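Chemist: Sequence first, predicted coordinates after that:
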Amino acid sequence: MSGTQRDDDERQREAKAILRRVRQETDPQIGGHTEAIVTRTGDHFMARDVDQGDRIEVIGSRIGRIAGIGGFLVLALLLAHQLL
């Protein structure tokens, strides 16, 4: 009986080690990718990809991008209302 207990303990330790390695290999990739998506989205809506020297272009880009997401939300709500 003690032999099967040792085998079970050994299998359990091996399984935990495998899960720990998998977690270490995948967690940083998921976190880094998610952070990049959030950063790029913030940069897009703050118009950091346009000429920062032209203040009118920066303000216009911000207004246009915010109006675009607002329009999308209005249309999505109208569609949801029609489906319900």
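Modeler: Noted; the coordinates are in hand.

Chemist: The helix ranked longest in the chain - contacts with which helices or strands?
Modeler: The longest helix of the chain (DSSP state H) is helix 2-45. Packing partners of helix 2-45 (3 or more CB pairs under 8 Å, 6 or more residues apart in numbering; DSSP states H and E): helix 55-83. All C-beta spots, glycine's among them, are computed from the backbone N, C-alpha and C.

Chemist: so for the helix it packs on, what's the average pLDDT?
Modeler: In this model, helix 55-83 has an average pLDDT of 96.

Chemist: okay, now R62: neighbour count?
Modeler: For R62, the count of nearby residues is 14 (other CB atoms under 10 Å).

Chemist: from what I can see it touches M46, true?
Modeler: Yes - under the criterion of CB atoms under 8 Å, R62 makes contact with M46 at 6.9 Å.

Chemist: any idea of the mean pLDDT in the longest helix of the chain?
Modeler: If you average the pLDDT over helix 2-45, you get 82.

Chemist: what about it, distance to the chain center?
Modeler: 17 Å (CA atoms, centre = their mean, to the nearest Å).

Chemist: now the angle from that helix to helix 55-83?
Modeler: 120 degrees (axes from the mean of the first three to the mean of the last three CA atoms, to 10 degrees).

Chemist: Would you point out which residue is most central in this structure?
Modeler: With distances taken as CA atoms, centre = their mean, the chain has T34 as the residue nearest its mean C-alpha position (3.3 Å).

Chemist: what about T41, distance to R48?
Modeler: Counting by CB to CB, to the nearest Å, the gap from T41 to R48 is 11 Å.

Chemist: With E10 instead?
Modeler: Applying CB to CB to E10 and R48 gives a distance of 54 Å.

Chemist: sec struct for A47, please.
Modeler: Secondary structure assignment for A47 (DSSP: H, G, I helix; E, B strand; the rest coil): coil.

Chemist: quick one: it and I66 touch, right?
Modeler: No - using CB under 8 Å as the test, A47 is too far from I66 to be in contact (9.9 Å).
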